[in-house]
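> I'd like to go over a predicted model; first the sequence, then the structure.
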Amino acid sequence: MAVAALLPAWLHLPSRVLCIWDSGMLFFLLMSWWVMLRATPETMRLNAQRQDEGRLVILSLVTTAACASIFAIGFMLKDAKSGSGSILILHVILAAFTILGSWLLVHTIFALHYAHGYYQDGSQSLEEAKAEGLDFPGDIEPDYWDFLYFSFVIGMTSQVSDVQIESRSMRRLALLHGVLSFFFNTAIVAMSINLIAGLIQGG
């Protein structure tokens, strides 16, 4: 609401929506990474139990919103092509920031979801958690860095690496993540071509 009130009146609706979305997205990412990078397996268990309810709804809404923001960029660039060169450059920068931020947001949300699924029961031993979720190499309990690694590998390659999936629910989630990543990365390539074309036409 604060960002919406500060935006200039000459901005078109798609640009205003993306500015508001980017502000909320940046705040969420900064807060999430601040918590994740300071957490221990013990605090992760507590977070997983406190935040278990509604996490599927949050995952669905944020992922849908991130994908919708990619399509909103197309409408914004279409309007920007009729503007001046400086306006076009500003729109291209906004579009590029939205693409990068949405990509980071989706895989960060999936990393949180994997971690909460792994530590959903605070009484689980490490062996029980492996049997019901993911098997990370080594004997130490995984932290958020490990789940970020697992999530971003799927996000970049649409496949897993050295982390073994040991449960049906995690396998289904990884399948959804991989399929979504494929279409999301395809959309990024398409939008990047559109950005380059916009710059060439603007020049």
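Right, received. Where do you want to start? Residues are numbered from 1 along each chain as shown.
> give me the distance between residue 24 and residue 36.
Distance from residue 24 to residue 36, counting by C-beta to C-beta, to the nearest Å: 18 Å. Just so you know, the C-beta spots here come from the backbone N, C-alpha and C atoms, and that holds for glycine as well.
> what about the two, which has more around it?
Neighbour tally, residue 24 and residue 36, criterion other C-beta atoms under 10 Å: the higher count belongs to residue 36, 19 against 14.
> buried stuff in the strand or helix carrying residue 155?
Secondary structure here is read from DSSP states H and E; on that basis residue 155 sits in helix 144-157. Under the neighbour-count criterion of 16 or more other C-beta atoms under 10 Å, helix 144-157 has 144, 146, 147, 148, 149, 150, 151, 152, 153, 154, 155 buried.
> and what of stretch 182-191?
Under 16+ other C-beta under 10 Å, the buried positions of stretch 182-191 are 184, 187, 191.
> tell me the one of the buried residues of helix 144-157 nearest residue 163?
residue 150 (4.9 Å; C-beta to C-beta).
> so the residue lying closest to the closest one once chain neighbours are set aside versus residue 190, what's the distance?
What sits nearest to residue 150 in space, not counting adjacent residues and going by C-beta to C-beta, 6 or more residues apart in numbering, is residue 163, at 4.9 Å. Taken as C-beta to C-beta, the spacing of residue 163 relative to residue 190 amounts to 30 Å.
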